[in-house]
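Colleague: please find the sequence and the predicted model below.
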Amino acid sequence: MTLDEYLINPLGKANAVMSTALREATKLQYSQKFDNILLRENGKIQYYTYRDRKNNIYWIHIKVPSEAVNKFYYDVVFKFYQDSKVKVTHYDLKKWQVNFFSNDPAFVYTYEHTYKEKGLFIKELIPKASKQAIKYKAKEKNPTDLVYYSKILYFGILFCQQRDILTTARLLEAPEYNNRELLSNIQDTDKVLEKRQEEEKKISHKKKIEIDAGTAKKLKQYGVLDGENAAQRFVMKANKVPTVRKTKAVNKVKKIKKK
């Protein structure tokens, strides 16, 4: 599968389970989510490129920020190589064959096994894969082993498109590919899953800070309430009905003495 084919329809031409409208809606949603991530990260995302000159293979490795957890990053790797259909002189990597890797939990628990079975997983990075997910089918989330868009991979594709690095011309001067170096820069998937669970626990146990409407307005003005997990850190006080002051008791009228 080429990257162009993946973007058009990851299910393949013979599989029409998902409508075009649904695919386009999914891509639009992912694009909006990635725009929010870029704003939060001020557009700064780390990435690395490599070129295997002997085998004419190009690699792109991106540290994609987590959408839910601040300062938490997942590895996304693309491997581009040629087959008989790709002309030697073709510069557009989207028309080359592509393999994928990611240690994002959503990808791992839904697609890691599927991509491996379909020949779309980067075999050189299997040592970094989840030991269980790579072996067994995702019976709950993807029981039929369908290849569909992975959000984290789509984020990586959007980043590559925005940086205009999906051409051989842009990667001609990339450092020589070294598998040991690449592996050393990628987090072990099982360890990432453990860290992610720990971060979720921290978020769920954070003590909420009670604030009133006036304070909330000021915090929003200075951007505090627009940050990640803000809703989990602050809770609005309920508007209290002002209590009615006690009225002074009326002095009793003294009985008039009878003459």
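Modeller: Good, I have the coordinates.
Colleague: C-alpha from now on. contacts and neighbour counts both.
Modeller: OK.
Colleague: what separates the one helix or strand Y6 maps to from the chain centre, distance-wise?
Modeller: If you go by DSSP states H and E, Y6 is part of helix 3-8. Averaging C-alpha positions (CA atoms, centre = their mean, to the nearest Å) puts helix 3-8 19 Å from its chain's average.
Colleague: how about that helix: buried residues?
Modeller: L3, D4, E5, Y6, L7 (16 or more other CA atoms under 10 Å).
Colleague: now stretch 180-198
Modeller: The neighbour-count check on stretch 180-198 (16+ other CA under 10 Å) flags L182, I186, Q187, D188, T189, D190, V192, L193, R196 as buried.
Colleague: using PDB, write out the CA atom coordinates for the helix or strand that contains the first one.
Modeller: The one in question is L182. In this assignment (DSSP H and E), L182 forms part of helix 179-184. Output in PDB follows, covering the C-alpha atoms of helix 179-184 (Å, rounded to 0.1, in the frame of the first residue of the first chain):
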ATOM      1  CA  ASN A 179      18.800   0.600  12.800                       C
ATOM      2  CA  ARG A 180      20.400   0.600  16.200                       C
ATOM      3  CA  GLU A 181      20.300   4.400  16.400                       C
ATOM      4  CA  LEU A 182      16.600   4.400  15.400                       C
ATOM      5  CA  LEU A 183      15.700   1.800  18.000                       C
ATOM      6  CA  SER A 184      17.500   3.600  20.700                       C
END
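Colleague: what lies in contact with the next helix or strand after it?
Modeller: Per DSSP H and E, the first helix or strand lying C-terminal to helix 179-184 is helix 189-204. With contacts defined as CA atoms under 8 Å, 6 or more residues apart in numbering, helix 189-204 is touched by V69, N103, D104, P105, K128, A129, S130, K131, N229, Q232.
Colleague: using CSV, list the CA coordinates for helix 189-204.
Modeller: Extracted in CSV, the C-alpha atoms of helix 189-204 (Å, rounded to 0.1, in the frame of the first residue of the first chain):
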residue,chain,number,x,y,z
THR,A,189,5.7,0.2,23.6
ASP,A,190,4.9,-1.8,26.8
LYS,A,191,6.7,0.8,28.9
VAL,A,192,4.7,3.6,27.2
LEU,A,193,1.5,1.8,28.0
GLU,A,194,2.4,1.6,31.7
LYS,A,195,3.4,5.3,31.8
ARG,A,196,0.2,6.3,30.1
GLN,A,197,-1.9,4.4,32.7
GLU,A,198,0.0,6.2,35.4
GLU,A,199,-0.7,9.6,33.9
GLU,A,200,-4.4,8.8,33.6
LYS,A,201,-4.4,8.0,37.3
LYS,A,202,-2.7,11.3,38.2
ILE,A,203,-5.3,13.2,36.1
SER,A,204,-8.3,11.4,37.7
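Colleague: which stretches of this structure have low pLDDT?
Modeller: For the chain, the stretches flagged by pLDDT under 70 are 13-18, 88, 203-212, 214-259.
Colleague: just the CA coordinates for the helix ranked longest in it, please, in PDB.
Modeller: Scanning the chain for the helix with the most residues, using DSSP state H, yields helix 20-40. Output of helix 20-40 as PDB, limited to C-alpha atoms (Å, rounded to 0.1, in the frame of the first residue of the first chain):
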ATOM      1  CA  THR A  20     -16.500   8.200   1.300                       C
ATOM      2  CA  ALA A  21     -18.500  10.700   3.400                       C
ATOM      3  CA  LEU A  22     -17.500   8.900   6.600                       C
ATOM      4  CA  ARG A  23     -13.800   8.800   5.600                       C
ATOM      5  CA  GLU A  24     -13.800  12.500   4.800                       C
ATOM      6  CA  ALA A  25     -15.500  13.300   8.100                       C
ATOM      7  CA  THR A  26     -12.900  11.200  10.000                       C
ATOM      8  CA  LYS A  27     -10.000  13.000   8.200                       C
ATOM      9  CA  LEU A  28     -11.600  16.400   8.900                       C
ATOM     10  CA  GLN A  29     -12.000  15.600  12.600                       C
ATOM     11  CA  TYR A  30      -8.400  14.400  12.900                       C
ATOM     12  CA  SER A  31      -7.100  17.600  11.100                       C
ATOM     13  CA  GLN A  32      -9.000  19.800  13.600                       C
ATOM     14  CA  LYS A  33      -7.600  17.900  16.500                       C
ATOM     15  CA  PHE A  34      -4.000  18.100  15.100                       C
ATOM     16  CA  ASP A  35      -4.400  21.900  14.700                       C
ATOM     17  CA  ASN A  36      -5.200  22.100  18.400                       C
ATOM     18  CA  ILE A  37      -2.100  20.100  19.200                       C
ATOM     19  CA  LEU A  38       0.000  22.400  17.100                       C
ATOM     20  CA  LEU A  39      -1.400  25.500  18.900                       C
ATOM     21  CA  ARG A  40      -0.600  24.000  22.300                       C
END
